[in-house]
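Peer 1: coords please:
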Amino acid sequence: QVAQREFNSTPQYVLLDEKGPDHSKCFKIAAVIGRHTFAGAWGRNKKEAEQRAAMNALAQVNGEPVPFEHD
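Peer 2: Below you'll find the predicted structure:
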């Protein structure tokens, strides 16, 4: 909803990195809204990484520090 209001666009999620063995991978995903790419976030699965990336994007839109590690 915030993405629609602020950017008139729906967020897309981009896989930036993955690491770990096949049975226990971690994923780094970033939210992309329009031409803005926000801080990525790591998660134990793609859904968790997307949710964390969305929270990072929301924090950045609101001028707050990102809550999840993005390095």
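
Peer 1: For this protein, which residues score under the pLDDT cut-off?
Peer 2: When residues are selected by pLDDT under 70, those of the chain lie in 1-4, 7.

Peer 1: what helix or strand does the residue nearest the centre of it sit in?
Peer 2: Closest residue to the average C-alpha location of the chain: residue 53 at 1.9 Å, with Cα atoms, centre = their mean. Remark: residue 53 resides in helix 46-61, with elements defined by DSSP states H and E.

Peer 1: then that helix to CSV, C-alphas only?
Peer 2: C-alpha atoms of helix 46-61 as CSV (Å, rounded to 0.1, in the frame of the first residue of the first chain):
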residue,chain,number,x,y,z
LYS,A,46,12.8,-16.7,0.0
LYS,A,47,9.6,-15.7,1.7
GLU,A,48,11.3,-14.6,4.9
ALA,A,49,13.9,-12.7,2.9
GLU,A,50,11.1,-10.9,0.9
GLN,A,51,9.3,-10.0,4.1
ARG,A,52,12.5,-8.6,5.6
ALA,A,53,13.3,-6.7,2.4
ALA,A,54,9.9,-5.2,2.4
MET,A,55,10.4,-4.0,6.0
ASN,A,56,13.8,-2.5,5.1
ALA,A,57,12.2,-0.7,2.2
LEU,A,58,9.4,0.7,4.4
ALA,A,59,11.9,1.9,6.9
GLN,A,60,14.0,3.6,4.2
VAL,A,61,10.9,5.3,2.8
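
Peer 1: how many other residues sit next to residue 56?
Peer 2: Neighbour count of residue 56, defined by other Cβ atoms under 10 Å: 24. All C-beta atoms are positioned from the backbone trio N, CA, C, and that covers glycine.

Peer 1: That concludes my questions; thank you for your assistance.
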